[in-house]
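Chemist: Got a predicted structure here, sequence first:
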Amino acid sequence: MSWREGAEKDLGEVLQIRQIFTNVSKGQFAKKEEVTTAFEGLDMDMDQIIQFILKKGELQVSDKERATQVESTYREIATIVSDKCINPDNNRPYPVGIIEKAMKDIHFNVRIDKSTKKQSLEVIKKLKEKMKIERAQMELRFTLPSKEGKLIKEQIINFGAKIEAEDWQGKEVELIVLADPGLYRMLEDVITKDTKGKGSMEVLNLMVVAEAEESTKNQL
């Protein structure tokens, strides 16, 4: 899995032996002719074939191992969602246990061969249809030439971001903005293009959430 997700690049750290088996339990290696026939036309050496199998091959695990992996993946996805999202009614994160229960309620099937980050985004999208949940906002500081300040401020608002504070001082304006993390690139493009490189955007806080009450903390 670490190889497929790009976390590991060294074959030596992934494989116990650089061989292809026909039967692992019996220790039977595939003959060179069998490997050549199976991968005919791909023009690959042994290491390339092994990498192809690691990337495209079907993972064979026992039912017990799969159940453990599914449970671990389920928990990891719920943790990511809990870390990234809030209840918009009180601006606080949901406990992981609540997210896990909600995932079961929407019958979300996790995949152990797929990135947990990508699956967490799918979960957030589905949960929005059933409960009040939003991505936690980022807090950003924009420093802009006053000449372009009004136009950029309007664009920021049109994107759905919120102006928390503004300070107009002579030739420069400073805006403090709350925005969904998904808007980051769009906002960055606006600053770069509309100020011709004279403006800047700084992340003040990646996750703006209200402090949880003690009872809520104990549930996390």
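Modeler: Nice, I can see it. Numbers count the residues shown, from 1 in each chain.
Chemist: I figured I191 hits F142, correct?
Modeler: Yes: look at I191 against F142 with Cβ atoms under 8 Å: they come within range, at 6.6 Å. To be clear about C-beta, it is placed using only N, CA and C from the backbone, and glycine gets the same treatment.
Chemist: shared neighbours, those two?
Modeler: Residues touching both I191 and F142 by Cβ atoms under 8 Å, 6 or more residues apart in numbering: 152, 199-201.
Chemist: Quick check: V177 vs D167, distance?
Modeler: Separation of V177 from D167 (Cβ to Cβ, to the nearest Å): 13 Å.
Chemist: Neighbour count: those two, which is higher?
Modeler: Neighbours were counted for V177 and for D167 using other Cβ atoms under 10 Å; V177 has more, 24 against 10.
Chemist: Secondary structure element for the residue lying closest to that one once chain neighbours are set aside, which one?
Modeler: Leaving aside its sequence neighbours, V177 sits nearest to L140 (Cβ to Cβ, 6 or more residues apart in numbering; 4.7 Å). Secondary structure from DSSP states H and E places L140 in strand 137-145.
Chemist: E148: neighbouring residues, count only.
Modeler: Neighbour count of E148, defined by other Cβ under 10 Å: 18.
Chemist: contacts for the helix or strand that contains it?
Modeler: Element membership for E148 (DSSP H and E) is helix 146-158. Applying Cβ under 8 Å, 6+ apart, the contact partners of helix 146-158 are 142, 144, 163, 166, 168, 170-173, 175, 177, 179, 187, 190-191, 194-195, 199.
Chemist: now, which of the shared contacts of I191 and F142 sits nearest D105?
Modeler: Among these, M201 lies closest to D105 (Cβ to Cβ), at 38.4 Å.
Chemist: Ramachandran angles for the closest one?
Modeler: Torsion angles at M201 (phi, psi; degrees, to the nearest 10) stand at phi -130, psi 130.
Chemist: That one: neighbour count?
Modeler: By the criterion of other Cβ under 10 Å, M201 has 19 neighbours.
Chemist: so it touches E139, yeah?
Modeler: No: judged on Cβ under 8 Å, M201 makes no contact with E139 at a distance of 11.4 Å.
Chemist: does the residue of the chain most remote from its centre belong to a helix or a strand, and which?
Modeler: Within the chain, the residue lying farthest from the chain centre (Cα atoms, centre = their mean) is E33, at 42.5 Å. Assigned by DSSP H and E, E33 falls within helix 32-38.
Chemist: Just want the angle from the helix holding E148 to strand 137-145.
Modeler: Using axes from the mean of the first three to the mean of the last three Cα atoms, to 10 degrees, the inter-axis angle of helix 146-158 relative to strand 137-145 is 160 degrees.
Chemist: Quick check on the shared contacts of I191 and F142: which are buried?
Modeler: The neighbour count (16 or more other Cβ atoms under 10 Å) marks 152, 199, 201 as buried among the shared contacts of I191 and F142.
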